[in-house]
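K.L.:
when you get a sec, could you give me coordinates for this:
(4 chains)
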Protein chains: 2
Amino acid sequence: MPARIHSPERVIQGLAEVFREHGFEGASLAHITKATGLGKGSLYHAFPGGKDEMAAAVLADIDAWFELNVFTLLDDPETPAAKAIDHMLDACAEYFQCGGRVCLVGVFALSDTRDSFAEAVNGYFRRWAEALVEALRRSGLSRTQAQSAAEDVLAGIQGGLVIARAFDDNSYFERELKRLRDRLKMT
Amino acid sequence: MPARIHSPERVIQGLAEVFREHGFEGASLAHITKATGLGKGSLYHAFPGGKDEMAAAVLADIDAWFELNVFTLLDDPETPAAKAIDHMLDACAEYFQCGGRVCLVGVFALSDTRDSFAEAVNGYFRRWAEALVEALRRSGLSRTQAQSAAEDVLAGIQGGLVIARAFDDNSYFERELKRLRDRLKMT
DNA sequence: GTCTATAGATCGATAGAC
DNA sequence: GTCTATCGATCTATAGAC
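P.N.:
Next comes the predicted model:
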């Protein structure tokens, strides 16, 4: 048998898709083997900790993506706040496929799965909020104003994903992003 | 054995709690029997359709609650818009226990459960949006403005619940409700 | 209407060949 | 590193006594 047919990135991506679609408890190994193309043996070779370790790997991968594509720019004191925030919203539109893809961290947050991954779930949103506050302060807002606006943006994004999915209408998420963009420009 | 120890309302409430906490797939009959106090036999006597019928009953119960406590007042042409909207946000704070309780419809919307309950999930938010648009138009907004504001409020509520639960911090949801209240007053 | 017992399928996880 | 075979547990759902 050839070694390493499946690149780690593809496996993580397949895992993410299954967890997003079915949630943690609904993500059966049958679904996972189908999505990754790996048998159970291979999966448990790569993730000895089982489903918990698979989910943790996916969460770490998400963290890394947002760190690279969103948070770093928000933090960067040399990047104009407006540009960093615009880029953040563009990145969200891309990552969440304009509402066609839900946020795994949000999915985990809503169910009892949150208790098992509390640190990752909490950390993801905390890191995002802190970086966004940093950018908003650069744009001239007070700490209180910036925190309130950041909370509002995070809720808008997560809520936009929920409602877009409920209506099966991606344009809902796009309109929500537009509203957030406009609101951030006004402040 | 005494008949009808468990009132239908208590059973539905127990079911709702389990589905909210664990999602549809994670809501095992073991959890359900524990939460309702009913054995499997009793449950399948009351809900011959199994878990699907249990979930549908819970969704219908939620619909009825919001119809009675939120939508009707928003629709009522004799109720001042500001009063109806204030009442809606109060009802949300109460129903979602200031963020301590998540929205089952939102939970279902995010996972593949949505496909099985698409009509109920879609209808819940559609009814809410329509009623809210009605109230906002009474307050003087154009149809376009009212629709945009209504979408924004729905997303804010759902997103507020996601983030509050992610942070395990109910004050987050309360602040989001306050922001929505202020924003609606400004328009 | 409620229960216990249990069927039959699927679950997560492991063992061991290659 | 990947597979098949398989384990014991748990799952949804049913049957039948009371």
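
K.L.:
can I get the CA coordinates of stretch A:118-131 in CSV?
P.N.:
This file holds the C-alpha atoms of stretch A:118-131, laid out as CSV (Å, rounded to 0.1, in the frame of the first residue of the first chain):
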residue,chain,number,x,y,z
ALA,A,118,-14.5,25.1,26.3
GLU,A,119,-11.0,26.5,26.2
ALA,A,120,-10.8,26.3,22.3
VAL,A,121,-14.2,27.7,21.9
ASN,A,122,-13.7,30.5,24.4
GLY,A,123,-10.2,31.3,23.1
TYR,A,124,-11.3,31.6,19.5
PHE,A,125,-13.9,34.3,20.1
ARG,A,126,-11.7,35.9,22.8
ARG,A,127,-8.8,36.2,20.5
TRP,A,128,-11.0,37.6,17.7
ALA,A,129,-12.7,40.1,20.0
GLU,A,130,-9.3,41.3,21.4
ALA,A,131,-7.8,41.8,17.9
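
K.L.:
that one vs chain B: in contact?
P.N.:
Yes. Applying Cβ under 8 Å from any Cβ of the partner chain, one finds stretch A:118-131 in contact with chain B at A:118, A:121-122, A:124-126. (Glycine included, C-beta is placed from N, CA and C.)

K.L.:
and the buried ones among these, selectable in PyMOL?
P.N.:
Filtering the residues of stretch A:118-131 next to chain B down to the buried ones (16 or more other Cβ atoms under 10 Å in any protein chain shown) takes a single PyMOL command:
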select buried, chain A and resi 121+122+124+125
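
K.L.:
now render the residues of stretch A:118-131 next to chain B as CSV, adding pLDDT, distance to DNA strand C and secondary structure.
P.N.:
Shown next, in CSV, are the residues of stretch A:118-131 next to chain B (pLDDT from 0 to 100; distance: Cβ to the nearest atom of the strand, whole Å; DSSP: H, G, I helix; E, B strand; the rest coil):
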residue, pLDDT, distance to DNA strand C, secondary structure
A:Ala118, 98, 18, helix
A:Val121, 98, 19, helix
A:Asn122, 98, 23, helix
A:Tyr124, 98, 23, helix
A:Phe125, 98, 26, helix
A:Arg126, 98, 28, helix
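
K.L.:
out of the residues of stretch A:118-131 next to chain B, which one sits closest to A:Leu68?
P.N.:
A:Tyr124 (13.9 Å; Cβ to Cβ).

K.L.:
can you give me the helices in chain A?
P.N.:
A:8-26, A:29-36, A:40-46, A:51-66, A:72-75, A:81-95, A:104-110, A:113-116, A:118-138, A:143-167, A:170-186 (DSSP state H).

K.L.:
next, the angle from the longest one to helix B:143-167.
P.N.:
What it means is helix A:143-167. 100 degrees (axes from the mean of the first three to the mean of the last three Cα atoms, to 10 degrees).

K.L.:
now helix A:143-167: mean pLDDT?
P.N.:
Mean pLDDT, helix A:143-167: 98.

K.L.:
go on, the first one?
P.N.:
Taken as a whole, helix A:8-26 carries a mean pLDDT of 97.

K.L.:
ok, is it in contact with DNA strand D or not?
P.N.:
No. Contact of helix A:8-26 with DNA strand D (Cβ under 7 Å from any atom of the strand) is absent, the minimum separation being 7.9 Å.

K.L.:
elements contacting that helix?
P.N.:
helix A:29-36, helix A:51-66, helix A:104-110, helix A:113-116, helix B:8-26 (3 or more Cβ pairs under 8 Å, 6 or more residues apart in numbering or on different chains; DSSP states H and E).

K.L.:
grab the nearest non-local neighbour of A:Arg137.
P.N.:
Residue nearest to A:Arg137 in three dimensions, not counting chain neighbours: A:Ala146, with 4.9 Å by Cβ to Cβ, 6 or more residues apart in numbering or on different chains.

K.L.:
all set now, cheers.
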